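J.: Here is a sequence together with a model predicted from it:
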Amino acid sequence: MNPLQIGALVGVITAAGCWCVAFSLRRAPRSLAIARQRMQGPGARTAWADSLAAGGFRRWVAKRFGSGLQLVQLTPAAVVTKVMVAAGVMLFAVLAGLAALASLGALPLSPLWPILASLCALLAGWISLNDVANKIDRQRREVRRASNDFVQLVAVGLTTDQSVEEAIAFALAVGASESFDTLRQQISAAPQRGIAVWEALDEFGRDYDIREISELAASIERQGVQGVSIGDTVASLSEAMRAKALDDLERAADKANANLSGPTVGFVVSTIVFLAYPLAQRISEAFGG
């Protein structure tokens, strides 16, 4: 590739990167009329937009993360845009750097450079996708921890002869975390939405894939409809959640120890080699090596 071809390629990549950035920063419609016009536009344009929005990568993202995207307040389209922008920017940066070095004569022209740039772009996209997965995992752990605290506090409230409503109010008043605020808002908004507390809890459990919260909602529903006591049920549920939380902590500790075993062995071996090298050199010199 000559410098002219490299310049043309860099120009195309630059235009594609600018389009990706502009597409990611596109504003929402200013009114419902504009949004309705976009959704109910000409048939050919709507079909093209739908086919673009329902791409294979977006479907894969929706299937891969599922309800986890709701935890980090992202949509499949936002994740796809983030990955495309990261890959496009990396591709442009690598190609621009290679073109600058080639124009200065510091780097020979080779057909391998576009392949290297493509691999770097794929790596940037993978890192961006992995970052979303890590955020979802962290947020899922925080929500599960908040749910565990909520069930424990409800169980404590029921042991003090409080009613279910008082125990829930006690748990919501004591719990303090960002994930707990999400649960508090969901339950506090239940009367305004015209639904019962157990329906709000069941919806929270289904949205965030926490089976124990759905079981607690079913127990509260039986208590509200049939008038049965749920103190023992909530106590056993809280005990099971504590055992599961302890098991998760033990597995996390074992994983951390396993991750540290490699660097520890490497440090010990390098230290032994560093200390033994002078002795081995003197022994070799003594025997005329």
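T.: In hand now; what should we look at?
J.: what's the burial count for the nearest residue to P108 once chain neighbours are set aside?
T.: Once flanking residues are discounted, P108 sits nearest to A102: 7.6 Å by Cβ to Cβ, 6 or more residues apart in numbering. Backbone N, C-alpha and C define where each C-beta goes, glycine included. Applying other Cβ atoms under 10 Å, we find 18 residues neighbouring A102.
J.: Look at A102 and give its secondary structure.
T.: helix (DSSP: H, G, I helix; E, B strand; the rest coil).
J.: mind checking how far the strand or helix carrying L279 is from the chain centre?
T.: Assigned by DSSP states H and E, L279 belongs to helix 231-286. Its chain's average C-alpha position is 26 Å from that of helix 231-286, according to Cα atoms, centre = their mean, to the nearest Å.
J.: now do stretch 220-240
T.: Its chain's C-alpha centre and that of stretch 220-240 lie 33 Å apart, by Cα atoms, centre = their mean.
J.: what comes up buried for it?
T.: For stretch 220-240, a neighbour-count test (16 or more other Cβ atoms under 10 Å) marks I220, E221, Q223, I230, G231, T233, V234, A235, L237, S238 as buried.
J.: can you give me the helices in the stretch 101-250 of the chain?
T.: Along the stretch 101-250 of the chain, counting by DSSP state H, counting those that start in this stretch, helices occupy 112-159, 164-174, 178-188, 190-193, 197-207, 211-226, 231-286.
J.: Indicate which one of these is closest to A15.
T.: Closest approach to A15 among the helices of the stretch 101-250 of the chain is made by helix 112-159 (15.5 Å; Cβ to Cβ).
J.: Who are the packing partners of that closest one?
T.: If you count contacts as 3 or more Cβ pairs under 8 Å, 6 or more residues apart in numbering; DSSP states H and E, helix 112-159 packs onto helix 56-65, helix 68-71, helix 76-103, helix 164-174, helix 178-188, helix 211-226, helix 231-286.
J.: Mind putting the ones you listed into a markdown table with distance to G11 and mean pLDDT?
T.: Compiled in a markdown table, the helices and strands packed on helix 112-159 are given as follows (distance: least, Cβ to Cβ, whole Å; pLDDT from 0 to 100):
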| stretch | distance to G11 | mean pLDDT |
| --- | --- | --- |
| helix 56-65 | 26 | 80 |
| helix 68-71 | 35 | 76 |
| helix 76-103 | 10 | 85 |
| helix 164-174 | 58 | 82 |
| helix 178-188 | 45 | 79 |
| helix 211-226 | 54 | 80 |
| helix 231-286 | 45 | 78 |
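J.: can you tell me which of those comes nearest to C18?
T.: The closest of the helices and strands packed on helix 112-159 to C18 is helix 76-103. By Cβ to Cβ, the value is 9.0 Å.
J.: counting contacts, what elements does that closest one pack onto?
T.: helix 3-24, helix 56-65, helix 112-159.
J.: I am finished for the moment; much appreciated.
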